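Engineer: let's see this in three dimensions:
(2 chains)
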Amino acid sequence: MKLSLTKVVNGCRLGKIKNLGKTRDHTMDIPGCLLYTKTGSAPHLTHHTLRNIHGVPAMAQLTLSSLAEQHEVLTEYKEGVGKFIGMPESLLYCSLHDPVSPCPAGYVTNKVLQKSVIIGVIEGGDVMEERLRSARETAKRPVGGFLLDGFQGNPTTLETRLCLLSSVTAELPEDKPRLISGIGRPDEVLKCIERGVDLFESFFPYQVTERGGALTFSFDYQLNPEDILLQQNGTQEEIKYVDQIKKVEVTGCNQEITSFEINLKEKMYQEDFNPLVRGCSCYCCKNHTRAYIHHLLVTNELLAGVLLMMHNFEHYFGFFHSIREALKNDKLAQLKELIHRQAS
Amino acid sequence: MENDLVNKKSIVSSKNLPKSAICLDTSFEESNIKKKRKKNKKNDDENISNVNNDNYFEKYKHEEPMMFDFLTEQDYNNYNKCELFFKNHFENIDMKNINEVVTKLRNEKDNIYLSNYVSSSSDSEGGDVTECNDKRSGEYKKNLKLINLNRSKRARLNVIVIKKKYISGSGSSSSSSSSGAHNTVIMTPIFMPVGTKSCIKGLLSEEVENLCKYIILSNTYHLSNIYDMDTFKKNKDINNFIKFPNSVLTDSGGFQMVSLSKRIKILEEGIVFNNIYDSYNIKKNIDYLMGRTTNHDMSIYDANPVIDSINSNVNFGTDTISTVNNASTTDKQYVSMGEDILLSPEISIRLQNYIGADIIMALDDVRSALEPDIKKIEDATYRTNRWLVRCIKSHQNKNNQTLFGIIQGGLNINLRNKSMDFIIRQKLNGYAVGGLCGGEKKKKFIEIIHHCSNEKVNKKYNYLPINKCRYIMGIGYIIDILLCSIFGYDMFDCVYPTRTARFNTALSFDGTIKLKQAQYKYDFTPIVKHCKCYVCMKYTRASIHMLISKKNPIVNILLTIHNIFFILHFCYLMRVSIFSNKIDYFVTTVLYNNFVIGVKNGNYKIPDDDKKQLDTSYNQQLNGHDKEWLDEHDQLKINEKKKKQNYQNINNMTEQLTHCIENEKKIKELKNNLPFWLLQALQYANIELKF
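Structural biologist: So this is what the prediction gives:
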């Protein structure tokens, strides 16, 4: 695994991770994200369907907590987890816990990436000294990269955590990739990128899907503000509505609806024959309308999850692509401004 | 770490899983392992040397289902050639000229496919009320035509040609291979997967298109509650709406009388549904279609549920009976919740005209197969007849949609005859047998399906015509599909394969596989060996089991794909067998796989096992032909012994012989396992069990 940075702007790192995988011929662009999977399979999506999504990351994230129970099975199988879950050609990153389900703090001790590169974990909670010590100690060891763990949590303490983050990344060697866990909201992603983080997880679109939402935030920093309003098409109204209903009962995760998405379970979409996002190139937006997704959600059809997941993944991956483009063209400020405006 | 691995492995073997552990859920197993891990740490070294999983696997060693070896490559090729032949000749013709093409092909000397040709639908008769063939120009005016092809015993291989409605190229992404074709060429017997609400649950339209090359089914009642009819109008019809290039059939909503039986009332006018949906759409649709702005105040029905039939003075051919009985409410408790919606034959047909499927069904008065009151079934049968007349009258798109009539009559042969006598005289292009598969005894079920297609014995109008489509509604189990096919039916539908997939159950040749069971945790074989479906190629039983235990919603989709693929492939194998005149072998193999291997493996449970029920008074209760079967068993035994003695010395024949004896043994075993109703069915269908 080799990281080559092409550009660093205000702490934001643009580059490529090369020589990845068993055959050492995969590359990943950074800043980027991993493909979130539930026990090796992207939620709702078959490998076939996954191929319909544009910009799927080369590396998929597996969660150790889910694989641990299958430990004996995998040992028995002998041919590796990749083949077992039907994606032998994909890169796998094995993380310790599922970002969607809450986990106890201090649970992390050690981490093994199947047969390959070991990523060191930086811990230390909210204590600056501990964090720095962890960073220095981990940096001394022969790790391929760093995982910044434990930075998720209450938005009110975000600023302190960001402070911590900057100090930690400052301690880390430049030439190794840094992964962060538990960060998914677009605004937070951008803030972390500014503090030198390279890789993220993509659990956020999954959470949105599970609560019947579709990501609609705009990340096209080249559009002028009026066009953005047009493109968003209803997102503004949505923000108002979010204020009214603070919490929505959702299966699995009790997350609040963010301003980056629309809740398609709402009756107002019953006769909305627009695509989820105008101009979106995903399978769902090309073929179906908001009204159709609304109907699928209301009638509890499995297809709702499939279509939403396809859109949300593609949208999210597109967002990361946009970040890289903006970095390349020195337009990150515009993008940041745009995202910031949409974060309520 | 490595020690740990080995340790766990040894636990598995040392555990020697008792049989009772099979069904325990994994979490329990987990905790068990944890407990044992502590114990095992002490005698670590001993265990490592004994790592041996043989025991474990032996416990769960399954007998593999038999392959369909009797079908040679030649058989497959011949059938495929035949299918291709019909595709090539009928896919791109104008439906108008189909009779011409058929005649031309028949006259071609080297044409082997139409030599068994009996006659095709509407050769001699009209269809619906209008004439199918314009006598002067010879044009065929309907959108569906059935061509008889082959028979193997009573099983039939037919071709159904249906005019395509799909406008290819309108969708940007889907450029299917079938684009540009004018007709869908369907080979029967065929199973029709069900997409109740216009989509097969969980599948993208591409996946549906790839899986279902022929025809799928949808439901009028659900569709008209969910969609505005404008949706279909804007998209021309359902085929274009869901971007499905092949054929679609819509059921009339009659079946919902059974599935929603607690929420309906039956009037002569139609069915009153206490709607399970928000009634906004369906009310709008009905108003729109019937061109009226009525108030939907259904209270008149509530207040006065006994209303006179509006059609009591109309003559219904032979069946003008005085039992135009006043509205009968179902005897089950009527749960009142939603709004009442009237679904009359006229409304059902008009809705289906708008939905625009290729085949539409008449509204029928379906009663549960377990209905004990014969009077009620009689009423329902005659009502179905009267409703059919109204359906035919209100059908407004006769050239582009084929109306199928539905035979009712419960489990009573007499009533079935009366129903057939009336409905077949309406000269429709296809007939369905309804009201079966509602929990009736298999014996009864066999009698009815045997009777309704018994063209050799019954008099005219008392069996479904040979040259028309025969459709049995609600058939989905593999064995039922097999049985109906050997009685000469063409089309089947059921939610079973897709629904069972959502309960983590996969279909296989030896019954169903409940992948949630712990026994599959270490099973690294595909769901069905040699299955060519995407899921079997990519996943193993163990990985599906893991996904189930992790509750990844993907499992539903994967198993749905497998089950649909499997059941359609099963139909394909059956067609190849019929085409190669090997239906006997096919039936034997399938039955052996289920009733012997499946039972042994615990994957198949014999329905209505009348043999077991009779076990004690076994011999006394046997009737004639059952005895015959048993005599044959004894004969076989003797034969076997004789043969053994006779050929013992001939060495070069030994191998062949042991094979023979092996087969006879298997057949004996199979016959012992088959319940009486099934033996009876085989006799009716003239099937001989052989390998």
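Engineer: residue contacts, whichever residue of chain B sits closest to chain A?
Structural biologist: Of all residues in chain B, B:Gly202 sits closest to chain A, at 3.5 Å by C-beta to the nearest C-beta. Where C-beta positions appear, they are placed from N, C-alpha and C, glycine not excepted. For B:Gly202, the contact set (C-beta atoms under 8 Å, 6 or more residues apart in numbering or on different chains) comprises A:Glu301, A:Leu302, A:Leu303, A:Val306, B:Asn556, B:Ile557, B:Thr560.
Engineer: need those in JSON lines with secondary structure and pLDDT, can you?
Structural biologist: JSON lines is the format used below for these (DSSP: H, G, I helix; E, B strand; the rest coil; pLDDT from 0 to 100):
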{"residue": "A:Glu301", "secondary structure": "coil", "pLDDT": "84"}
{"residue": "A:Leu302", "secondary structure": "helix", "pLDDT": "85"}
{"residue": "A:Leu303", "secondary structure": "helix", "pLDDT": "88"}
{"residue": "A:Val306", "secondary structure": "helix", "pLDDT": "91"}
{"residue": "B:Asn556", "secondary structure": "helix", "pLDDT": "89"}
{"residue": "B:Ile557", "secondary structure": "helix", "pLDDT": "90"}
{"residue": "B:Thr560", "secondary structure": "helix", "pLDDT": "92"}
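Engineer: for stretch A:325-344, output the C-alpha coordinates as PDB.
Structural biologist: Extracted in PDB, the C-alpha atoms of stretch A:325-344 (Å, rounded to 0.1, in the frame of the first residue of the first chain):
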ATOM      1  CA  GLU A 325     -12.700  17.700  -8.400                       C
ATOM      2  CA  ALA A 326     -13.000  20.800  -6.200                       C
ATOM      3  CA  LEU A 327      -9.700  20.200  -4.600                       C
ATOM      4  CA  LYS A 328      -8.100  19.800  -8.000                       C
ATOM      5  CA  ASN A 329      -9.600  23.000  -9.300                       C
ATOM      6  CA  ASP A 330      -9.100  25.000  -6.100                       C
ATOM      7  CA  LYS A 331     -12.800  25.300  -5.600                       C
ATOM      8  CA  LEU A 332     -13.200  23.600  -2.200                       C
ATOM      9  CA  ALA A 333     -14.200  26.900  -0.600                       C
ATOM     10  CA  GLN A 334     -17.200  27.100  -2.900                       C
ATOM     11  CA  LEU A 335     -18.200  23.500  -2.200                       C
ATOM     12  CA  LYS A 336     -17.800  24.100   1.500                       C
ATOM     13  CA  GLU A 337     -19.900  27.100   1.300                       C
ATOM     14  CA  LEU A 338     -22.600  25.300  -0.600                       C
ATOM     15  CA  ILE A 339     -22.700  22.400   1.800                       C
ATOM     16  CA  HIS A 340     -22.600  24.600   4.700                       C
ATOM     17  CA  ARG A 341     -25.600  26.500   3.500                       C
ATOM     18  CA  GLN A 342     -27.600  23.300   3.300                       C
ATOM     19  CA  ALA A 343     -26.700  22.100   6.700                       C
ATOM     20  CA  SER A 344     -29.300  23.400   9.100                       C
END
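Engineer: residues of it that come out buried?
Structural biologist: A:Glu325, A:Ala326, A:Leu327, A:Lys331, A:Leu332, A:Leu335, A:Lys336, A:Leu338, A:Ile339, A:Gln342 (16 or more other C-beta atoms under 10 Å in any protein chain shown).
Engineer: what of stretch B:529-546?
Structural biologist: So for stretch B:529-546, counting by 16+ other C-beta under 10 Å, buried means B:531, B:533-536, B:538-546.
Engineer: quick one: that stretch to chain centroid distance?
Structural biologist: 23 Å (C-alpha atoms, centre = their mean, to the nearest Å).
Engineer: got it, and stretch B:214-234?
Structural biologist: The chain centroid and the centroid of stretch B:214-234 are separated by 21 Å, computed with C-alpha atoms, centre = their mean.
Engineer: what average pLDDT does that stretch get?
Structural biologist: The pLDDT scores in stretch B:214-234 average 86.
Engineer: from what I can see B:Ile561 touches B:Met537, true?
Structural biologist: No - taking C-beta atoms under 8 Å as the definition, B:Ile561 is not a contact partner of B:Met537, at 11.0 Å.
Engineer: picking that back up, most neighbours, which of the contacts of B:Gly202?
Structural biologist: With neighbours taken as other C-beta atoms under 10 Å in any protein chain shown, the top of the contacts of B:Gly202 is B:Ile557, carrying 29 neighbours.
Engineer: ok, now which ones touch that one?
Structural biologist: A:His44, A:Thr46, A:Leu302, A:Val306, B:Gly202, B:Leu203.
Engineer: how about the secondary structure of the first one?
Structural biologist: Applying DSSP: H, G, I helix; E, B strand; the rest coil to A:His44 yields a three-state assignment of coil.
Engineer: list the buried residues for the helix or strand where B:Lys283 lies?
Structural biologist: Secondary structure from DSSP states H and E places B:Lys283 in helix B:280-290. Residues of helix B:280-290 classed as buried: B:Asn281, B:Ile282, B:Lys283, B:Asn285, B:Ile286, B:Tyr288, B:Leu289 (neighbour count, 16+ other C-beta under 10 Å).
Engineer: could you do stretch B:402-420 as well?
Structural biologist: B:402-413, B:415-420.
Engineer: mind listing residues that contact stretch A:182-190?
Structural biologist: A:31, A:99, A:149-153, A:158, A:192, A:197, A:200-204, A:207, A:217, A:219, A:258, A:260, A:319, A:323, A:332, A:335-336, A:339-340, A:342-343.
Engineer: mind checking which of those residues land in helices?
Structural biologist: A:158, A:192, A:203-204, A:207, A:319, A:323, A:332, A:335-336, A:339-340, A:342 (DSSP state H).
Engineer: in chain A, which residue sits furthest out from the middle?
Structural biologist: Most distant residue from the mean C-alpha position of chain A: A:Glu76, 32.1 Å away (C-alpha atoms, centre = their mean).
Engineer: right, and that residue touches B:Lys521 too?
Structural biologist: No - between A:Glu76 and B:Lys521 there is no contact under C-beta under 8 Å: 9.0 Å.
Engineer: now the residue nearest the centre of chain A: how far from chain B?
Structural biologist: By C-alpha atoms, centre = their mean, the mean C-alpha position of chain A lies nearest to A:Ser202, the distance being 2.3 Å. Note on A:Ser202: its distance to chain B, by C-beta to the nearest C-beta, to the nearest Å, is 16 Å.
Engineer: ok, that residue touching A:Cys33?
Structural biologist: Yes - counting by C-beta under 8 Å, A:Cys33 is a contact partner of A:Ser202 at 4.5 Å.
Engineer: and B:Asp110, that's in a helix?
Structural biologist: No - counting by three-state DSSP, B:Asp110 is not part of a helix but coil.
Engineer: next, the residue of chain B closest to chain A: phi, psi?
Structural biologist: When read as degrees, to the nearest 10, the backbone of B:Gly202 gives phi 90, psi -10.
Engineer: how about it, nearest residue that isn't a chain neighbour?
Structural biologist: Using C-beta to C-beta, 6 or more residues apart in numbering or on different chains and skipping residues adjacent in sequence, the residue nearest B:Gly202 is A:Leu302, 3.5 Å away.
Engineer: how about the one you found, what does it touch?
Structural biologist: A:Leu302 touches A:His44, B:Lys201, B:Gly202, B:Arg502, B:Pro553, B:Asn556, B:Ile557, counting by C-beta under 8 Å, 6+ apart.
Engineer: how far away is the fifth one from B:Glu64?
Structural biologist: Read that as B:Pro553. 31 Å (C-beta to C-beta, to the nearest Å).
Engineer: out of those two, which sits in the busier spot?
Structural biologist: B:Pro553 (19 against 13).
Engineer: tell me which parts of the stretch 401-550 of chain B are close to chain A?
Structural biologist: Residues of the stretch 401-550 of chain B lying close to chain A (C-beta under 8 Å from any C-beta of the partner chain) are B:502, B:521-522, B:524, B:534, B:538-540, B:542-543, B:546-547, B:549-550.
Engineer: try 7 Å
Structural biologist: Counting by C-beta under 7 Å from any C-beta of the partner chain, the stretch 401-550 of chain B comes close to chain A at B:Lys521, B:Tyr522, B:Phe524, B:Tyr534, B:Lys538, B:Tyr539, B:Ala542, B:Ser543, B:Met546, B:Leu547, B:Lys550.
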